[in-house]
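Colleague: Need coordinates for the following:
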Amino acid sequence: MKNKVMVARILVLSFLAPNASTLYVINCAVLAAPVYQMKQYYRYGVFDNCSDKWNALFDCFHLKTKRSSEVQEILESREKSKPHIWSYRTPEEASVHWKELFGNVNDP
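Modeller: Take a look at the predicted model:
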């Protein structure tokens, strides 16, 4: 694990913008720390294998090889494909949903 972190640090520092590389190096250092791994094991029952961080790193390398117009299109399409976190309701629907969840809290 320590060797992977060192490789990631070298790659990030040599290929990415300074602010992004600093952030990624800090994240990798945190992921390799024993205290962080023990917290992950305590909370979730498994150690963190850094797969999300590695995927983000390689995705970043992949996007760096594209033209800026292509990158913009890719990022916009990803953003549009994500589901929205809010569900919009009319005032009537919101009132019914509120009463289902909380009942008549304000009634004596």
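Colleague: Which parts of the protein are helices?
Modeller: 2-15, 18-32, 34-44, 51-64, 68-81, 91-102 (DSSP state H).
Colleague: What count of nearby residues applies to Leu63?
Modeller: As a burial measure, Leu63 scores 13 neighbours (other C-beta atoms under 10 Å). C-betas here are computed from N, CA, C, even on glycine.
Colleague: Look up how far Ser87 lies from it.
Modeller: 31 Å (C-beta to C-beta, to the nearest Å).
Colleague: just His97 next, same as before
Modeller: Taking C-beta to C-beta, one finds His97 at 9 Å from Ser87.
Colleague: Among these two, which residue is more densely surrounded?
Modeller: Set side by side, His97 and Ser87 show more neighbours around His97, with 12 against 8, by other C-beta under 10 Å.
Colleague: How many residues are close by the nearest residue to that one once chain neighbours are set aside?
Modeller: Spatial nearest neighbour of His97, excluding adjacent residues (C-beta to C-beta, 6 or more residues apart in numbering): Arg89 at 6.4 Å. Using other C-beta under 10 Å, Arg89 is surrounded by 12 other residues.
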